[in-house]
Structures are given as C-alpha cells and as structure tokens.
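Asks: The sequence and its predicted three-dimensional model are supplied below.
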Amino acid sequence: MPTRRDDCLFCSIARQGAYVHQAKGFVAINDINPQAPVHILVLPEHHVDTFRDVAEFEAKETKRMLEFVAETAAKVGLTDYRVVVNVGATAGQTVFHLHWHILGGGPASREDVPAAVAIAEANE
Ligand code: 5GP
Ligand code: ZN
C-alpha cells in the first residue's frame, strides 16, 4: 500500500480529483497556477517529501513514474517540453510531496525557470 499523509495536499489530490491522466499509483493534474501554456503536475500516490527521498520507491515504481511522466506529456499532445522537479524550499519547492512539473506548449515555458534556461543557453 502506498504511504499517505493526512495533512498533505497532494496525498489528498492523489486520492480524489480531476485528472489529466491516471494510472495505478500515479495521477497527473493541471497546475492551479500555470507557468506555461501547458503546466501539468505528476504525483505519485506514495508520499515522499522530496526527490531526495526517491530511493524509497521500488525500482519498478521509479521506472513506472518516469514512463508515466512521458505518457502524460504524449497524452496531452506535447512532443517538446521540460520536466522540472524543485528539490527543497530554496530551490522553489512549496508542496512537500514529490511531484514532477511538465511545462510545454510554447516559448512562455522558458520564462519562469531562469536558472535552467541560463544553464541550457550556456551549453548551446
Ligand atoms: P513546487 O513549487 O512545490 O515545485 O510546486 C507546487 C505546485 O503546485 C505549484 O506550481 C502550485 O501552483 C501547485 N499547486 C499548489 N496548490 C495546488 C492545488 O491545490 N491544486 C493544483 N492543481 N495545483 C496546486
Ligand atoms: Zn503527500
């Protein structure tokens, strides 16, 4: 059984909500405050506070989680997009239940992650 926290917003959403995509153990929702034309959050039902704790998932769940991120993007018609995980408060994490941001749908998606864009441009 996945772990849940009664006081966790994303545990509650993972139990019940309007999903863009859903599969055993995972849900995808539209972000309430989109930072790109398409901004989806992928949530595992199993609660871990942050990506730092990703080793708490079994190997097959971790693989499935990554596949589910890609499946979700494909399902909404995205071929080009960014996948972002904010790890820790000073990196911008505000909800302490691991989640993956899928950002796509246009150039606006580059505007809100200046550090990532700067790194990408430095590597061009
Ligand atoms: P973080 O800042 O932790 O990486 O991402 C948390 C995200 O959750 C933010 O982009 C925020 O807009 C989104 N969010 C916060 N509360 C809710 C909510 O109640 N519903 C949905 N759909 N998104 C939420
Ligand atoms: Zn949770």
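Replies: Alright, I've got the coordinates. Ligands and ions are numbered 1, 2, ... in the order given.

Asks: Got phi/psi on the residue positioned nearest the centre of the chain?
Replies: In the chain, the C-alpha nearest the mean C-alpha coordinate belongs to Trp100, at 1.5 Å (C-alpha atoms, centre = their mean). Per-residue torsions, Trp100: phi -110, psi 130 (degrees, to the nearest 10).

Asks: Tell me the bridge partners for it.
Replies: Counting by DSSP bridges, Trp100 forms beta bridges with Val42.

Asks: Contact partners for the spatially closest residue to Asp31 that is not a sequence neighbour?
Replies: Sequence neighbours aside, His39 is the residue nearest to Asp31 in space, at 4.1 Å (criterion: C-beta to C-beta, 6 or more residues apart in numbering). All C-beta spots, glycine's among them, are computed from the backbone N, C-alpha and C. Applying C-beta atoms under 8 Å, 6 or more residues apart in numbering to His39 gives the contacts 30-31, 101-103, 109.

Asks: do Asp80 as well
Replies: Gly104.

Asks: hmm, back to that, I figured the residue nearest to the centre of the chain hits Ile29, correct?
Replies: No. Counting by C-beta atoms under 8 Å, Trp100 sits too far from Ile29 to count as a contact (11.4 Å).

Asks: Please identify every residue contacting each of these two.
Replies: Leu41.
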